[in-house]
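[1] Pasting a predicted model and its sequence here:
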Amino acid sequence: MRAAVLGTGSCLPEKVLTNTDLEKLVETSDEWITTRTGIRTRRIAGPGEENYKLASTAARRALEMAKVTPEELDLVVVATLTPHMMMPSSACFVQAEIGAVNAFAYDLNAACSGFLYGLDLVDSYIARRPDMKILLIGSETLSARVNWEDRNTCILFGDGAGACVITGREQGGVVASRLLSDGRLWKLLYMDSPESRNSAIRQPDRKGCYIQMSGRDVFKYAVRAMEDAVTGLLLETGTSIDQVDLMIPHQANIRILGKLMERLGVPDEKLYINVDKYGNTSAASIPIALDEANRQGILSRGQRILLCSFGGGFTWGALLMDW
């Protein structure tokens with residue numbers, strides 16, 4: 001038995017922030033942003049669109065497609081680096097919001113790789129208990145954790161949530177995954193926690209609880225790391241890139257994606273891209289793209305799907321699944 005997707009859902013905030021809007025906030029331009037990132041718009045959370053509420057709406061849509069009730073769920077996992085509160089978890093808020101009274105719930109933080117780590121995790125649960133029904137969500141409100149005076153980061157990120165309902169099946173589902181991390185590189189992409197209340201362990205050079213990034217270094221490591229993860233996974237499973245029907249990468253930056261596809265030899269028609277509409281939504285980017293591709297009829301039973309991601313930590317990886 002393998003972990004297979006029964007239904008998908010997503011939720012994007014109503015507010016659209018364009019590149020032209022950003023021109024009024026920082027020294028930048030639509031041309032500069034589009035040329036370097038491929039991003040034209042991103043969604044920004046407003047009143048009533050907290051992380052767990054976006055996640056709950058995406059969850060309800062996935063449950064509706066899967067024809068599963070909240071009471072049937074055994075587990076709720078939310079991949080996020082921008083939880084609604086430090087405690088309790090966003091997953092517990094989602095559990096209460098949708099009425100998943102019989103499930104246990106917790107968050108997972110692997111930054112932009114969170115959804116991939118989550119898929120690998122729930123596949124392990126399914127291996128032990130194939131009848132489990134699991135809700136896996138990637139949800140972020142990154143607008144709450146960017147420095148809106150830093151043009152190198154504030155142009156990149158957006159808010160949103162994507163969800164999958166997963167259970168065990170003999171056909172389809174997760175085939176294999178290759179997940180990696182390197183904590184030695186954390187200073188290239190990180191976010192400080194709120195200031196410590198214990199002066200003895202307070203960080204003296206703390207810059208603030210928002211995303212810090214060395215863009216050029218991240219670009220270099222991201223392309224190479226994802227390429228290695230994908231090629232390693234394909235070799236391990238005896239799969240050629242030609243056998244992959246659709247590739248859905250983490251939607252970080254069009255230059256990163258372009259370079260990665262060039263190195264892997266993936267043609268444009270096998271690639272799903274929506275970074276131009278939503279920007280980088282971290283752990284939410286892959287499940288949002290999955291839901292869009294699913295609802296547009298791009299995904300069909302039996303297709304082999306390749307997912308890959310890279311995020312702070314550093315964390316990265318690739319995963320193969322049969323739809």
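    Arrived safely. In this text, all values refer to a predicted model and were calculated from it rather than measured experimentally.

[2] Pull the residues that contact the helix or strand harbouring Met261.
    Using DSSP states H and E, Met261 falls within helix 254-264. The list of residues contacting helix 254-264 from outside it, by CB atoms under 8 Å, 6 or more residues apart in numbering, reads 36-39, 219, 222-223, 226-227, 230-231, 241, 247, 249, 251, 268, 271, 273, 275-276, 308, 310. (Each C-beta comes from the backbone N, C-alpha and C, glycine too.)

[3] Buried subset of the residues you listed as a PyMOL selection?
    The PyMOL command for the buried members of the contacts of helix 254-264 (criterion: 16 or more other CB atoms under 10 Å) is given here:
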select buried, resi 36+37+38+39+222+223+226+227+230+247+249+251+271+273+275+308+310
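
[4] Can you list which of the contacts of helix 254-264 are found in helices?
    Among these, DSSP state H puts 36-37, 219, 222-223, 226-227, 230-231, 275-276 in helices.

[5] what packs against the helix or strand hosting Val174?
    Secondary structure from DSSP H and E places Val174 in strand 173-181. Helices and strands touching strand 173-181, by 3 or more CB pairs under 8 Å, 6 or more residues apart in numbering; DSSP states H and E, are strand 2-11, helix 114-128, helix 215-237, strand 315-322.

[6] so how far is the helix or strand just after that strand from its chain's centroid?
    Remark: after strand 173-181, the chain's next helix or strand is strand 189-191, criterion DSSP H and E. The chain centre lies 16 Å from the centre of strand 189-191; the measure is CA atoms, centre = their mean, to the nearest Å.

[7] what's in contact with strand 189-191?
    81, 111, 145, 209-214, 218, 311-314.

[8] repeat that for 10 Å
    If you take CB atoms under 10 Å, 6 or more residues apart in numbering as the criterion, strand 189-191 is touched by 81-82, 111-112, 142, 145-146, 153, 207-215, 217-218, 221-222, 310-315.

[9] Stretch 20-38 now?
    15, 17-19, 39-42, 44, 147-156, 215, 251-258, 273, 275-276, 279-280.

[10] Filter these down to the buried ones and hand me the ChimeraX line.
    The buried residues among the contacts of stretch 20-38 can be selected in ChimeraX (16+ other CB under 10 Å) with this line:
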select :17,19,39,40,41,42,44,147,151,153,154,155,156,251,252,253,254,256,257,273,275,279,280
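
[11] Which of the contacts of stretch 20-38 fall within strands?
    15, 17-18, 41-42, 44 (DSSP state E).

[12] Relative to Val94, how far out is the nearest residue to Asp322 once chain neighbours are set aside?
    Computed as CB to CB, 6 or more residues apart in numbering, the closest residue to Asp322 that is not its neighbour in sequence is Gly172, at 4.6 Å. According to CB to CB, to the nearest Å, Gly172 stands 26 Å off from Val94.

[13] Neighbour count for these two, which is higher?
    Val94 (33 against 16; other CB atoms under 10 Å).

[14] The more buried one contacts Ala55, doesn't it?
    Yes - using CB atoms under 10 Å, Val94 is in contact with Ala55, at 5.1 Å.

[15] For these two, list the residues in contact with both.
    76, 78, 84, 135, 137, 139, 161, 163.

[16] OK, contacts around the second one?
    Translated: Val78. 51-52, 55-56, 59, 84, 89-95, 105-109, 114, 118, 135-139, 161, 163, 283.

[17] quick one, what contacts Gln212?
    147, 150, 152-153, 187-192, 312.

[18] for Ile126, same thing?
    1-4, 132-134, 166-169, 173-174.

[19] Show me which of those residues has the smallest pLDDT value.
    In terms of pLDDT, Met1 ranks lowest among the contacts of Ile126, with 85.

[20] Can you give me the distance of that one to Val230?
    Taking CB to CB, one finds Met1 at 25 Å from Val230.

[21] Distance of the residue nearest to Asp322 relative to Ala3?
    Taken as CB to CB, the span from Gly172 to Ala3 is 9 Å.

[22] Mutual contacts of the two, please.
    Met321.

[23] Quick check: buried residues in stretch 5-17?
    For stretch 5-17, burial by neighbour count (16+ other CB under 10 Å) applies to 5-13, 17.

[24] where in the stretch 1-150 of the chain is pLDDT low?
    Applying pLDDT under 70 to the stretch 1-150 of the chain flags no residue at all.

[25] what do you get for the stretch 201-323 of the chain?
    Scanning the stretch 201-323 of the chain for pLDDT under 70 picks out nothing.

[26] Can you tell me which of the buried residues of stretch 5-17 comes closest to Ala289?
    For these, the closest approach to Ala289 (CB to CB) belongs to Ser10, at 8.7 Å.

[27] So that closest one is in contact with Glu292, correct?
    Yes - contact criterion CB under 10 Å: Ser10 and Glu292 qualify, at 6.9 Å.

[28] middle-most residue in this structure, spatially?
    In the chain, the centroid-proximal residue (CA atoms, centre = their mean) is Ala283; its distance is 2.2 Å.

[29] Quick check: that residue vs Gly99, distance?
    24 Å.

[30] Repeat that for Glu262.
    Using CB to CB, Glu262 is found at 47 Å from Gly99.
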